[in-house]
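Q: Sequence and computational prediction follow.
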Protein chains: 2
Amino acid sequence: MTEKLSDTARKSLIDPLVANGWTVDAEADRIAKTYEFADFTEAFAFMTRAALWAEKWNHHPDWSNSYNRVTISLTTHDVGGLSSLDAKLARKMDQIRED
Amino acid sequence: MTEKLSDTARKSLIDPLVANGWTVDAEADRIAKTYEFADFTEAFAFMTRAALWAEKWNHHPDWSNSYNRVTISLTTHDVGGLSSLDAKLARKMDQIRED
């Protein structure tokens, strides 16, 4: 079952994401990142790949796109904050970005 | 050439969009609309179809998605406000939405 991350889990799951450019909004208990791509086709290709994983895991980002930029914000509404699903999706997005 | 809409053109191009649920941000000279879908797959399917037209016309939306919602904001950066391209893309999005 999905639950809110413990302090220990935050250290192991969120700290590496922060080291990789994700920022933590402590008040909203969300993590966020903006990716910049060469152009719109690259940005939307990223979104399409990420969308398939989001749907597969039934965990969906709040995200926006403006031409070559995609801004992601992740949280788990069901638990009112960050869960391991957010870390998992964030890692997947970083991986897709690097492909 | 793309140019900022004249007052007459606004009447013929933007008024019908407003009647169809688009709102005008006069200060930013943008139009905006939020679509609600059954779920994420429907929302992202809409975005994918709209993305293809945006790229084809080389006119891209500022948009965000949260699960089953897609919020669109359109303006033409090159002219510093609304152009006929915004009306064209808005009409296309409404059409895709209705399909």
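A: Okay, I see it.
Q: Which residues does the closest residue to A:S83 other than its chain neighbours form beta bridges with?
A: Excluding its sequence neighbours, the residue lying closest to A:S83 (C-beta to C-beta, 6 or more residues apart in numbering or on different chains) is A:T76, at 3.9 Å. Heads up, the C-betas are built off the backbone N, CA and C, glycines and all. Using DSSP bridges, the beta-bridge partners of A:T76 come out as A:G81.
Q: List the contacts of A:T76.
A: A:2, A:4, A:59, A:82-83, A:85-86 (C-beta atoms under 8 Å, 6 or more residues apart in numbering or on different chains).
Q: Tell me which helix or strand the residue of chain A found nearest chain B sits in.
A: Across chain A, the shortest distance to chain B (C-beta to the nearest C-beta) belongs to A:S64, at 3.6 Å. Taking DSSP states H and E as the criterion, A:S64 maps to strand A:62-66.
Q: now A:A32
A: For A:A32, the host element (DSSP H and E) is strand A:30-36.
Q: quick one on the thing from earlier: now the contacts of A:T76: which count as buried?
A: Among these, the ones that count as buried by 16 or more other C-beta atoms under 10 Å in any protein chain shown are A:59, A:82-83, A:85-86.
Q: Enumerate every residue touching the residue nearest the centre of chain A.
A: When C-alpha atoms, centre = their mean is applied to chain A, the residue found nearest the centroid is A:A90 (3.4 Å). Each residue near A:A90 by C-beta under 8 Å, 6+ apart is listed here: A:17, A:22, A:31, A:33, A:72, A:74.
Q: What of A:M93?
A: A:33, A:35, A:46, A:50, A:61, A:72.
Q: Tell me if it really is in a helix.
A: Yes: per DSSP: H, G, I helix; E, B strand; the rest coil, A:M93 lies within a helix segment.
Q: returning to that earlier point: what's the separation between the closest residue to the residue nearest to the centre of chain A other than its chain neighbours and B:F44?
A: Leaving aside its chain neighbours, A:A90 sits nearest to A:L17 (5.2 Å; criterion: C-beta to C-beta, 6+ apart). Distance, A:L17 to B:F44, using C-beta to C-beta, to the nearest Å: 24 Å.
Q: Same check on A:D94?
A: Taking C-beta to C-beta, one finds A:D94 at 20 Å from B:F44.
Q: neighbour-wise, which of these two wins?
A: B:F44 (24 against 16; other C-beta atoms under 10 Å in any protein chain shown).
Q: Quick check: which element contains that one?
A: Counting by DSSP H and E, B:F44 is found in helix B:40-56.
Q: before we move on, what about A:R97?
A: Counting by DSSP H and E, the element that carries A:R97 is helix A:84-98.
Q: mean confidence score for that helix?
A: Average pLDDT, helix A:84-98: 97.
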